[in-house]
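# here's my sequence, what's the structure:
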Amino acid sequence: QLQLEESGGGLVQAGGSLRLSCVASGFPLRLYAVAWFRQAPGKEREEISCISNEHVYLGDSVKGRFTISRDNAESTVYLQMNNLKPEDTGIYYCAADGVVAGKACPFEYDFWGQGTQVTVSS
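Residues are numbered from 1 along each chain as shown. Take a look at the predicted model:
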C-alpha cells in the first residue's frame, strides 16, 4: 500500500516562505498523481494543487504564490509556498491516487498523509 508522509510545516510570518514535502513509500511515485489539500480552522478541506506526470493544477487562492513539483526518483512531491498570508494557515495534507489521462488531479483519493501544520502570523 502506498504511504505518504508530509513534512516542512511550521510557524512563519506573513510574506515568508515554506516548502512542504510529501514522501511516498510502498509503490513507485510515478504511478500516481498527488495533490495538496489544506484545511483551515473551521473550514472544509480544500484541494489547492495537484500534479500528475504531465499536468499541474493550482487553485485560485494560491496561484502565483505556490508552486508544486515532483521528483519521482526521490519519491517526493514538493509544495513551495511564497508570500504566505494568514489565511494560508491550516493543516496541509498530501493525497494520491492513480493518474487520470489528461488531468493533473484524480477524481478521488485513496491514500492520505497525516498532515503538517502551517501557521502564518500577521
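
# hey, let's count contacts and neighbours off CA atoms from now on
Noted.

# got the contact list for S75?
By Cα atoms under 8 Å, 6 or more residues apart in numbering, the contact set of S75 is V23, A24, S25, P28, L29, R30.

# okay, the residues you listed in a markdown table with distance to Y57, secondary structure and neighbour count next?
A markdown table is the format used below for the contacts of S75 (distance: Cα to Cα, whole Å; DSSP: H, G, I helix; E, B strand; the rest coil; neighbours: other Cα atoms under 10 Å):
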| residue | distance to Y57 | secondary structure | neighbour count |
| --- | --- | --- | --- |
| V23 | 19 | strand | 21 |
| A24 | 20 | strand | 24 |
| S25 | 23 | strand | 14 |
| P28 | 21 | coil | 13 |
| L29 | 18 | helix | 25 |
| R30 | 17 | helix | 17 |
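
# nearest to V77 among the residues you listed?
Looking at these and their distance to V77, the nearest is V23, at 6.6 Å (Cα to Cα).

# please report the distance of the closest one from F37.
Using Cα to Cα, to the nearest Å, V23 is found at 15 Å from F37.

# so the residue nearest the centre of the chain, which of the three states?
The centroid of the chain falls nearest to W36 when counting by Cα atoms, centre = their mean (2.4 Å). What DSSP: H, G, I helix; E, B strand; the rest coil gives for W36 is strand.

# mind listing the residues bridging to it?
Beta-bridge pairing for W36 (DSSP bridges): S49, C94.

# likewise for M81?
Beta-bridge pairing of M81 under DSSP bridges involves L18, F66.

# you'd agree it is up against S21?
No - contact criterion Cα atoms under 8 Å: M81 and S21 do not qualify, at 11.1 Å.

# if we can go back for a sec, which residues sit in contact with the residue nearest to the centre of the chain?
The contact partners of W36, by Cα under 8 Å, 6+ apart, come to E47, I48, S49, C50, L79, Y92, Y93, C94, A95.

# cheers, nothing more for now.
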